[in-house]
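In: Build me a model from this:
(one chain, ligands or ions: 1)
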Amino acid sequence: MNIDIFKVEEWMNEYEKYSKYDLGNTTVNTMSLEELFAVTEENKDEFFKKLCSLKQGYGHIKGNPELKKSIAKLYKTVEPEHVLTAIGAAGANHLVFYSLVEPSDRVVSLIPTYQQLYSIPASFCSDTVVLKLKKENGFLPDLEELKDLITPNTKLICINNPNNPTGALMPLCMLEQIAQIADKAGAYILCDEVYRGLSPDEAKIPSMADIYEKGISVCSMSKTFSLAGLRLGWIACRDIEALESFTRHREYNMISCSVTDELLAALALKNADKIIKRNCDAVRQSLEVLDKWVCTQKHFSYVKPQAGTTAMVYYDFDMPSEILCDRLAKEKGVFLTPGCCFEEENCFRVGFCKSPDVLQKGLDKISEFVKENISMKE
Ligand SMILES: Cc1ncc(COP(=O)(O)O)c(C=O)c1O
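Out: The predicted model follows:
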């Protein structure tokens, strides 16, 4: 089946090799297992003894019960039986689309966002429509525009909160209004929440799975918990019909998740608060560096991110974002993601949760490039 090129992933695969200053990845100081044990203060020897004695079968088909218990605790109303593990949030999103959406259904997505959320449905469902989030609205959706896109055949509304790439955060009242709009049409909401929990002020971010019966929360170990290598994500949803459909489709494409990954994820999530605190500190510190830099730049501006690990930085000179990011990578060793990967121009995405030193050096290299190539010509 034909599907659009996944622009961000292709770009990252190609340009990661130039990343002396990695402002491309959207993770938060990814942890080694050594660091995981240090941060959680769990007993490493005991854990590995248990792991070594464990038979490497398929494990618990619907997910390790301890892990599901810890996942449920990240929500207010979700019970362990409402949780299904998946291969990353990427696998979870995929499972949701293929389980719920028929080719004749309408899917509404908000862009810019992670491309899965519109290109997967568009690949098999011709009535996939997008609502553009505007910079002048702080990248929050215009709900009147959203209402206009809802038709009787709307099956799914896809949102991403906090948003990648803009760092915008929809407040509770807005999430509730979106739930009301969906409810009127009997539609599900898929809320990709992989950056949930990551905010500079450690504010609790509400989940769509708690707000709306037909709300589907997709999340993973990759961003909020700095363990992307586990390839462990999940779906949390209280709607039993949807859960049954996810379970039925999941048998066909994965059977179960890795027993080892689930065990490590269970250990990490038992200590979720410690890891979230570590990562919110990192978000706060690196956002301060980014904000100071943007505020002192003549050619750059942005909507300051409220949460998550990414920001869209706009520039006022005439250069396609792909060319700018290609040159910054090859000439200055700065790895960024061009706006064109998100259907936006005159901007690039910064994954700002790096060590403040790397972030500062990378940003200084961008200033140097502009001084040499733009300011000199003015
Ligand atoms: C919004 C969003 N959803 C899903 C994913 C995929 O996450 P995972 O590594 O858990 O598959 C990403 C990765 O960048 C993302 O930014």
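In: give me the number of residues near Pro320?
Out: Using other CB atoms under 10 Å, Pro320 is surrounded by 13 other residues. Bear in mind the C-beta positions are built from the backbone N, C-alpha and C, glycine included.
In: Touching, it and Glu345? I think so.
Out: Yes. Judged on CB atoms under 8 Å, Pro320 makes contact with Glu345 at a distance of 7.0 Å.
In: interface residues of the chain facing the ligand?
Out: 26, 88-90, 114, 160, 164, 192, 194, 220, 222, 228, 233 (CB under 6 Å from any ligand atom).
In: Swap in 8 Å and give it another go.
Out: 8, 26-27, 87-93, 113-114, 116-117, 160, 163-164, 192, 194-195, 218-223, 228, 231-233, 310 (CB under 8 Å from any ligand atom).
In: Give the buried subset of those residues as a ChimeraX selection command.
Out: Selection of buried members from the residues of the chain next to the ligand for ChimeraX, criterion 16 or more other CB atoms under 10 Å:
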select :8,26,27,87,88,89,90,91,92,93,113,114,116,117,160,163,164,192,194,195,218,219,220,221,222,223,228,231,232,233,310
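In: So which of the residues of the chain next to the ligand belong to strands?
Out: Asn160, Asp192, Val218, Cys219, Ser220, Gly233, Thr310 (DSSP state E).
In: Which single one of these is nearest to the ligand?
Out: Among those, Ser220 lies closest to the ligand (CB to the nearest ligand atom), at 3.1 Å.
In: Hmm, Leu267 and Met42 touching each other?
Out: Residue 42: Glu, not Met. Yes. At 5.7 Å, Glu42 counts as touching Leu267 under the criterion of CB under 8 Å.
In: Look at those two and report which has more neighbours.
Out: With neighbours defined as other CB under 10 Å, Glu42 and Leu267 compare such that Leu267 has more, 21 against 14.
In: Go ahead and name everything in contact with the helix or strand containing that one.
Out: Per DSSP states H and E, Leu267 falls inside helix 259-270. Outside of helix 259-270, the residues that reach it under the criterion CB atoms under 8 Å, 6 or more residues apart in numbering are 33, 36, 40, 42, 47, 50-51, 54, 56-60, 63-64, 66-67, 70-71, 73-74, 85, 221, 225, 227, 230-232, 275.
In: Buried ones among the residues you listed?
Out: Here, 16+ other CB under 10 Å leaves 36, 40, 47, 59-60, 63-64, 66-67, 70-71, 74, 85, 221, 225, 227, 230-232, 275 buried among those.
In: number of nearby residues for Gly308?
Out: 32.
In: Contacts only, for it.
Out: Counted by CB under 8 Å, 6+ apart, Gly308 has contacts Thr26, Pro162, Asn163, Asn164, Gly167, Leu169, Tyr195, Leu198, Ser199, Lys223, Val283.
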